[in-house]
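Undergrad: Sequence and predicted structure below; questions after.
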Amino acid sequence: QVQLVESGGGLVQAGGSLRLSCAASGRTFRTYAMGWFRQAPGKERELVAAISWSGGSTYYADSVKGRFTISNDNAKNTVYLQMNSLKPEDTAVYYCALDWTGRMVPTTGYDDWGQGTQVTVSS
């Protein structure tokens with residue numbers, strides 16, 4: 001059993017920055033990958049960014065490339081999402097999730113999820 005706890009969400013003006021954190025506890029293995037998803041009202045959940053356990057491989061959705069950066073600190077079992085140049089369309093609940101397959105994509109491998117943190121970007 002793995003527990004994932006997100007933090008760092010909030011309200012920010014367009015053009016601003018936020019850093020989300022996801023702390024993992026419980027059972028962990030060194031072959032997993034971590035992803036950040038988001039879901040806006042009335043929209044499907046989408047994968048925003050993902051990172052391999054080693055940190056050597058990353059994935060970004062086209063909509064966030066150049067603005068968001070995913071990183072991890074394995075000593076702390078924590079993954080981060082640095083979000084810069086935020087836009088109103090980034091408003092959503094952001095979830096971290098763990099992919100035991102380590103593949104990052106497709107998204108069918110994500111089995112453990114956090115409770116989510118709200119990010120609201122005002123125009």
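TA: Perfect, thanks for sending it. Numbering: from 1, shown residues only.

Undergrad: quick one: the nearest residue to M34 once chain neighbours are set aside from T58, how far?
TA: Nearest non-adjacent residue to M34, counting by Cβ to Cβ, 6 or more residues apart in numbering: V79, 4.3 Å away. Any C-beta I mention is one placed from the backbone N, CA and C, and that applies to glycine too. According to Cβ to Cβ, to the nearest Å, V79 stands 11 Å off from T58.

Undergrad: more crowded one of those two?
TA: Between V79 and T58, counted using other Cβ atoms under 10 Å, V79 has the larger neighbour count: 29 against 15.

Undergrad: host element of M34?
TA: Per DSSP states H and E, M34 falls inside strand 33-39.

Undergrad: how close does the residue positioned nearest the centre of the chain get to S123?
TA: Centroid-nearest residue in the chain: W36, 2.0 Å away (criterion: Cα atoms, centre = their mean). W36 is 23 Å from S123, where distance means Cβ to Cβ.

Undergrad: Likewise for G16?
TA: Taking Cβ to Cβ as the measure, G16 falls 11 Å from S123.

Undergrad: quick one, which of the two is more surrounded?
TA: Each of G16 and S123 has its neighbours counted (other Cβ under 10 Å); G16 has more, 14 against 9.

Undergrad: And stretch 31-47, what's buried?
TA: Buried residues in stretch 31-47, counted by 16 or more other Cβ atoms under 10 Å: Y32, A33, M34, G35, W36, F37, R38, R45, L47.

Undergrad: farthest-separated two in those?
TA: Using Cβ to Cβ, the buried residues of stretch 31-47 span at most 20.1 Å, a distance reached by Y32 and R38.

Undergrad: just the helices in the protein please.
TA: Here the chain has no helices by DSSP state H.

Undergrad: shaky segments in it?
TA: 28-29 (pLDDT under 70).

Undergrad: Let me see the ranges of the strands in this protein.
TA: All strands of the chain, identified by DSSP state E, fall at 2-7, 10-13, 18-26, 33-39, 46-52, 58-60, 68-73, 78-83, 92-99, 110-113, 117-122.

Undergrad: number of nearby residues for E89?
TA: Count around E89 with other Cβ under 10 Å applied: 11.
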